[in-house]
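Undergrad: Got a sequence here, can you model it:
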Amino acid sequence: MFSRILIANRGEIALRIIRACHELGIEAVAVFSEADRGAPYLETADEAICIGPATPAKSYLNIPAIISAAEVADVDAIHPGYGFLAENAHFAEICQECGITFIGPDAKSMRMLGDKVQARLVAQKARVPLVPGSEGELKDEAEAIKLANKIGYPVILKAAAGGGGRGMRVAHNDISLHKAFAAARAEAEAAFKNGALYLEKYIVEPRHVEVQVMADKSGNAVHFYERDCTIQRRHQKLIEESPCPVLDEKTREELCRSALRLVHEAKYHNAATVEFLLDRDKNFYFIEVNTRIQVEHPVTELVTGQDLIKWQIQIAAGNPLTLRQRDIKHTGVAMECRINAEDPARNFAPCPGPIHRFIVPGGPGVRVDTHLAQGSVVSPYYDSMVAKLIVHQPTREQAIATMKRALREFRIEPIKTTIPACLKILSHNLFVKNQVDTSFIERHMSS
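TA: The predicted structure follows:
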């Protein structure tokens, strides 16, 4: 087992990893930018090292600065969390070259599954259902139009190296595809330094369902069931829950087994999330793999009773999975709301600033993951998520009731947050009746 781990991240995920390290008897080293200097969560680390100015490119994305901090702190391993360098294969390679274990998959697997075109090929070999689309990268716009007419509109263009909804455009005819192609390529090039695109049939009114998987270096893999991430805005998830409320047991089993076949085919190890779209007839289609721990991992932890961060660390240390699939039980319903420092009344514009009042909800079945405290300052330099509110109850009806109660107790002032928006969604009759799809917010909550 490791003796010291550096966390190459910030905020609530850094604190989450620090806590897991301490429970495993491992010292935790935090890094921070000048903008995060003095943040309360840094006091929980065994050591904290400044790695640069506030700008991410000069701090949390600065590979030389992070490696230097790791060498100064004499750590055995680096945990990247999510975001920043978590899916950067080059960073994983540099860690290996420096004799530092990267807590995640190897660079080869990360590149293969991180590229959506390559991931589709792996899924095809593993007999995982795929959305009809291009076999690989599109050569040009003419090929896109030809394929769109073959499989039928609507279609969606996606960045091969993409994520977070960037480089994605939906087209309903040749004219809109012509406009979308140039826009998607430009956005992909700007966001990922890679303008490669591929095309898929656009599934109308889908649900977004993902399977949490963990695999060790000996080829053992288990799933921790699924999460439903349908409630999202511009491809950014807002509310997640488990189990998916519309899946029958047969489809759930087929979905989870498909995810395991894919990671076996890729010879993958560590945590992965295999994402699918579910159509109105309950057919599921593979869309991508996230080669890291997810923001919404607490949902899975509550329904399975497993600590996913600890499993990541133990697998990276070379320990085999001692879990077998029959050991993992799914109990009750868990739900997570992402609390972002955004103003819903101003089209979810970022709302950074100081926090003068910070009251965290509690009570049976409530968990809050946050790095903030009264007196903290929400920085304009980083992601706007300030907390995750997670509840666990025997039924979905009870989970919704507990979540609404906890949201009303939560106080983060004077900045604006997404708490009112989450309350509005949870109270909507279509959400309560499970009659939602990925466009629910745009179609029903635009006001």
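Undergrad: got the domain boundaries for this protein?
TA: Listed by automatic domain parsing, the domain ranges of the chain are 4-103, 132-201, 207-444.
Undergrad: Going by mean pLDDT, which of the ones you listed comes out lowest?
TA: If you rank the domains of the chain by mean pLDDT, domain 132-201 sits at the bottom with a mean of 91.
Undergrad: end-to-end on it?
TA: 6 Å (C-alpha to C-alpha, to the nearest Å).
Undergrad: can you give me how far that domain is from the chain middle?
TA: 23 Å (C-alpha atoms, centre = their mean, to the nearest Å).
Undergrad: Distance-wise, check the nearest residue to Arg261 once chain neighbours are set aside relative to Phe284.
TA: Closest residue to Arg261 apart from its sequence neighbours, by C-beta to C-beta, 6 or more residues apart in numbering: Ala126 at 4.2 Å. Heads up, the C-betas are built off the backbone N, CA and C, glycines and all. To Phe284, Ala126 is 14 Å away according to C-beta to C-beta, to the nearest Å.
Undergrad: which one of the two has more residues nearby?
TA: Phe284 (24 against 17; other C-beta atoms under 10 Å).
Undergrad: Next up, the contacts around that one.
TA: Pro129, Val209, Thr251, Glu254, Leu255, Ser258, Phe276, Leu277, Leu278 (C-beta atoms under 8 Å, 6 or more residues apart in numbering).
Undergrad: Beyond the one helix or strand the fourth one maps to, next helix or strand please.
TA: Using DSSP states H and E, Glu254 sits in helix 249-265. Counting by DSSP H and E, the element after helix 249-265 in chain order, helix or strand, is strand 270-278.
Undergrad: quick one on the thing from earlier: could you dump the domains of the chain into JSON lines and include distance to Val122?
TA: Shown next, in JSON lines, are the domains of the chain (distance: least, C-beta to C-beta, whole Å):
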{"stretch": "domain 4-103", "distance to Val122": "15"}
{"stretch": "domain 132-201", "distance to Val122": "12"}
{"stretch": "domain 207-444", "distance to Val122": "5"}
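Undergrad: What residues of the one helix or strand Lys179 maps to count as buried?
TA: Assigned by DSSP H and E, Lys179 belongs to helix 174-192. Neighbour counts using 16 or more other C-beta atoms under 10 Å place Ser176, Leu177, Ala180, Phe181, Ala184, Arg185, Glu187, Ala188, Ala191, Phe192 of helix 174-192 among the buried residues.
Undergrad: The second one reaches Ala148, doesn't it?
TA: The reference is to Leu177. Yes: Leu177 lies in contact with Ala148 (C-beta atoms under 8 Å); the separation is 5.7 Å.
Undergrad: Need the overlap of contacts for the two.
TA: By C-beta under 8 Å, 6+ apart, the residues touching both Leu177 and Ala148 are Val155, Ala171.
Undergrad: Which secondary structure elements does the lengthiest strand in the chain sit against?
TA: In the chain, taking DSSP state E as the definition, the longest strand is strand 221-233. When contacts are defined as 3 or more C-beta pairs under 8 Å, 6 or more residues apart in numbering; DSSP states H and E, strand 221-233 packs onto strand 207-215, strand 236-242, helix 249-265, helix 297-304, helix 440-444.
Undergrad: can you give me the angle the longest one makes with strand 221-233?
TA: Angular relation of helix 249-265 and strand 221-233 on a 0 to 180 degree scale: 110 degrees, by axes from the mean of the first three to the mean of the last three C-alpha atoms, to 10 degrees.
Undergrad: so how far is helix 249-265 from its chain's centroid?
TA: Worked out by C-alpha atoms, centre = their mean, helix 249-265 lies 19 Å from the chain centre.
Undergrad: what angle sits between that helix and strand 270-278?
TA: Going by the same axes, to 10 degrees, helix 249-265 makes 130 degrees with strand 270-278.
Undergrad: related to what we said a few turns ago, show me the contact partners of the helix holding Lys179.
TA: Residues contacting helix 174-192 (C-beta under 8 Å, 6+ apart): 141, 144-145, 148-149, 155, 157-162, 166-171, 194-197.
Undergrad: so what's Ala334 bridging to?
TA: Ser242, His392 (DSSP bridges).
Undergrad: contacting residues around it?
TA: By C-beta under 8 Å, 6+ apart, the neighbours of Ala334 are Glu241, Ser242, Pro298, Val299, Thr300, Leu302, Val303, Ile390, Val391, His392, Ala399.
Undergrad: isn't Gly363 right next to Arg408, touching?
TA: No: the criterion here is C-beta under 8 Å, and Gly363 misses it with Arg408 at 11.7 Å.
Undergrad: For Gly25, see how far away the spatially most central residue of the chain is.
TA: By C-alpha atoms, centre = their mean, the chain has its centre lying nearest to Gln294, at 3.5 Å. Using C-beta to C-beta, one gets 26 Å for the distance from Gln294 to Gly25.
Undergrad: Likewise for Asp216?
TA: Distance from Asp216 to Gly25, by C-beta to C-beta: 20 Å.
Undergrad: Likewise for Met168?
TA: Taking C-beta to C-beta, one finds Met168 at 44 Å from Gly25.
Undergrad: what does Ala48 give?
TA: Where Gly25 is concerned, Ala48 sits at a distance of 20 Å (C-beta to C-beta).
Undergrad: of these two, who's got more company?
TA: The residue with more neighbours, out of Ala48 and Gly25, is Ala48; 22 against 9, by other C-beta under 10 Å.
Undergrad: and the more buried one, what does it touch?
TA: Applying C-beta under 8 Å, 6+ apart, the residues near Ala48 are Val29, Ala30, Val31, Phe32, Leu42.
Undergrad: Strands of the stretch 251-400 of the chain, start to end?
TA: 270-278, 284-290, 333-340, 342-343, 349-350, 353-354, 357-359, 366-370, 377-378, 385-393 (DSSP state E, counting those that start in this stretch).
Undergrad: should've said the stretch 51-200 of the chain
TA: Under DSSP E, counting those that start in this stretch, the stretch 51-200 of the chain gives strands at 77-79, 101-102, 155-159, 169-171, 197-201.
Undergrad: Now Thr438: phi and psi?
TA: Backbone geometry at Thr438, expressed as degrees, to the nearest 10, gives phi -70, psi -10.
Undergrad: so it sits right up against His208, yeah?
TA: Yes: with contact defined as C-beta under 8 Å, Thr438 and His208 form a contacting pair (5.5 Å).
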